[in-house]
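>>> What follows is a predicted protein model with its sequence.
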Amino acid sequence: MNTLLQRAATTLTCAIALIERWFAPLADLVVRLYVAKVFFDSGLTKIHDWDTTIALFTDEYRVPVLPPQIAAFMGASGELFFPVLLVLGLGGRLGAIGLTMVNIMAVVSYWHVLMAPEQMAGLYNHYQWAIMLALLIAHGPGKLSVDYWIKRRWGVKLEAVPVAV
């Protein structure tokens, strides 16, 4: 019986090692690429027809405090810049935090539409992106990233923030 438990423990340990070595880095990469594509495509849509974008930020989106032109510029810039960081895994947590802010602002400014029963699927999309971004913030971009390569090559952790004690 003891040997059977030892075999099971060894098998489980090997399975976990395989998951950590192969599956987890791929899963990190897939999440980064998926979220980056969603936001980057949105940014491309905004710059494709800037007049329509300005009209939407003027009439439809309710961005608090900012004038529509500045809000549109900031939204499009964030949607085009932060996904590049995620795809490369360069400053991966910074990219995830930036897209989290873009996501929050999108929900806040379009809340009056997203709360309609027929629009709940859109709101759930924002929730899903928020969960994926939260995982990237907590976990980092993973082994298939420039951050990881820099850390291994030079021992520099791009994400390190000194904490005063």
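That came in fine, so what should we check first? The structure displayed is predicted, hence computed values, not measured ones. Numbers count the residues shown, from 1 in each chain.

>>> burial count for A72?
Applying other Cβ atoms under 10 Å, we find 22 residues neighbouring A72. C-betas here are computed from N, CA, C, even on glycine.

>>> list the contacts for the closest residue in space to it that isn't next to it in sequence?
Nearest in space to A72, with sequence neighbours left out and distances taken as Cβ to Cβ, 6 or more residues apart in numbering, is F57 at 4.3 Å. Listed by Cβ atoms under 8 Å, 6 or more residues apart in numbering, the contact partners of F57 are 63, 68-69, 71-72, 75.

>>> which of those residues lies closest to E118?
The nearest member of these to E118, counting by Cβ to Cβ, is V63 at 22.9 Å.

>>> tell me the secondary structure for that closest one?
coil (DSSP: H, G, I helix; E, B strand; the rest coil).

>>> Only C-alpha atoms, please: export stretch 105-116 in PDB.
What follows is stretch 105-116, C-alpha atoms only, in PDB (Å, rounded to 0.1, in the frame of the first residue of the first chain):
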ATOM      1  CA  MET A 105     -12.900  53.500 -17.900                       C
ATOM      2  CA  ALA A 106     -14.700  51.700 -20.700                       C
ATOM      3  CA  VAL A 107     -17.200  50.200 -18.300                       C
ATOM      4  CA  VAL A 108     -17.700  53.500 -16.300                       C
ATOM      5  CA  SER A 109     -18.200  55.600 -19.500                       C
ATOM      6  CA  TYR A 110     -20.600  53.100 -21.100                       C
ATOM      7  CA  TRP A 111     -22.400  51.900 -17.900                       C
ATOM      8  CA  HIS A 112     -25.700  53.300 -19.000                       C
ATOM      9  CA  VAL A 113     -25.700  50.900 -22.000                       C
ATOM     10  CA  LEU A 114     -23.900  47.900 -20.500                       C
ATOM     11  CA  MET A 115     -26.500  47.700 -17.700                       C
ATOM     12  CA  ALA A 116     -29.400  47.100 -20.100                       C
END
